[in-house]
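Enquirer: can't give you the sequence, but here's the structure:
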């Protein structure tokens with residue numbers, strides 16, 4: 001633990017760039033502080049400060065400054081989690097889910113997690129994939145249900161589930177008479193889709209697949225709220241892609257030909273100092289998602305293959 005204390009002392013000196021002020025902040029005399037920093041430099045075999053007229057960080061010191069903050073934050077989180085676990089306590093698990101997640105699926109995940117992890121409060125937040133990635137990086141979320149393809153550098157991924165998408169269209173549309181549709185059948189239709197900023201990878205992939213299979217939307221309307229999507233479809237502004245049928249008399253849901261279009265999701269969590277129940281939530285949620293009768297869990301990707309590579313290769 002002496003090294004961790006030395007790193008804490010180093011951070012204060014690096015912030016103050018003055019040994020006297022740093023010693024005052026730490027509540028110790030200046031000579032012991034200087035000695036500890038010199039021992040740290042000896043251990044690292046690198047000079048961390050230029051001690052001229054003004055104290056300045058060396059290049060090695062700047063590198064250590066960036067790494068030390070993250071290291072100490074992770075250590076503090078680890079000690080807090082260990083202490084709480086020893087007392088039989090566990091932090092609330094903060095998790096993000098996309099706004100499009102059906103209510104019954106959300107309820108099933110909450111119920112299953114509550115039954116299997118009764119001592120952990122699951123705090124679910126409605127967030128886009130882009131928002132979740134940002135908050136996971138800032139450690140303001142412990143886990144997130146992400147829509148692929150998406151860059152997940154610095155995150156661990158649970159198993160992915162692939163869900164076929166169908167078409168929501170007005171009941172009086174001529175296309176409603178068909179039992180199944182191909183993407184090319186939608187030619188001339190408008191499209192109601194989520195804003196690109198919420199999940200750029202999925203947005204681009206869906207549109208690219210539509211174009212490649214003969215459906216170039218005549219116009220595109222953006223909508224996040226499911227009720228707003230429904231309103232635009234009812235008003236004849238376009239069709240929408242959704243995984244399940246709508247319980248609304250004015251619209252119908254028709255499946256697309258097998259393999260035409262799908263949505264892939266998986267839970268992700270920070271690769272370091274993760275919440276101890278993050279992977280458990282991922283396992284529980286994936287079983288719930290797979291239980292809808294149409295979704296299926298994908299095999300683990302090959303080593304070195306990123307999830308968005310696999311997605312595009314399949315598209």
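Expert: All right, it came through fine. Given the structure is predicted, the values throughout are model-derived calculations rather than measurements. Numbering: from 1, shown residues only.
Enquirer: how close does residue 233 sit to residue 124?
Expert: As judged by CB to CB, to the nearest Å, residue 233 and residue 124 stand 27 Å apart. To be clear about C-beta, it is placed using only N, CA and C from the backbone, and glycine gets the same treatment.
Enquirer: got it, and residue 2?
Expert: Counting by CB to CB - residue 2 and residue 124 are separated by 42 Å.
Enquirer: What segments of the chain are helices?
Expert: Assigned by DSSP state H, the helices in the chain fall at 2-16, 19-26, 30-44, 59-86, 103-116, 129-137, 200-212, 226-234, 278-290, 307-314.
Enquirer: hang on, the earlier thing: which one of residue 2 and residue 124 has more residues nearby?
Expert: A direct count of neighbours by other CB atoms under 10 Å for residue 2 and residue 124 places residue 124 higher, at 18 against 10.
Enquirer: hang on, isn't the more buried one packed against residue 97?
Expert: Yes - counting by CB atoms under 8 Å, residue 124 touches residue 97, with 5.7 Å between them.
Enquirer: who touches both of the two?
Expert: 106, 109 (CB atoms under 8 Å, 6 or more residues apart in numbering).
Enquirer: quick one, domains of the chain?
Expert: For the chain, automatic domain parsing gives the domain ranges 2-86, 93-162+263-314, 166-260.
Enquirer: how long is the last one from one end to the other?
Expert: When you say that, I think you mean domain 166-260. Start to finish, the residues bounding domain 166-260 are 9 Å apart (CA to CA, to the nearest Å).
Enquirer: Find out how far it is from the centre of the chain, if you would.
Expert: In this view, domain 166-260 has its centroid 25 Å away from the chain centroid, taken as CA atoms, centre = their mean, to the nearest Å.
Enquirer: I'd like the average pLDDT over it.
Expert: Across domain 166-260, pLDDT averages out at 92.
Enquirer: Just put the helices of the chain in TSV and tack on distance to residue 166.
Expert: Converted to TSV, these look like this (distance: least, CB to CB, whole Å):
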stretch	distance to residue 166
helix 2-16	55
helix 19-26	62
helix 30-44	59
helix 59-86	43
helix 103-116	16
helix 129-137	21
helix 200-212	13
helix 226-234	13
helix 278-290	16
helix 307-314	18
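Enquirer: Go through the ones you listed and name the closest to residue 159.
Expert: Distance to residue 159, taken as CB to CB, is lowest for helix 278-290 among the helices of the chain, at 5.0 Å.
Enquirer: Any chance you could list what contacts the closest one?
Expert: With CB under 8 Å, 6+ apart, helix 278-290 has contacts from 93, 95, 105, 108-109, 112-113, 116-117, 122, 142-143, 145, 156, 158-159, 161, 163, 265-267, 269, 295-297.
Enquirer: repeat that for 7 Å
Expert: The contact list for helix 278-290, computed with CB atoms under 7 Å, 6 or more residues apart in numbering, reads 93, 95, 105, 108-109, 112-113, 116-117, 142-143, 145, 158-159, 161, 267, 269, 295-297.
Enquirer: All good on my end, thank you.
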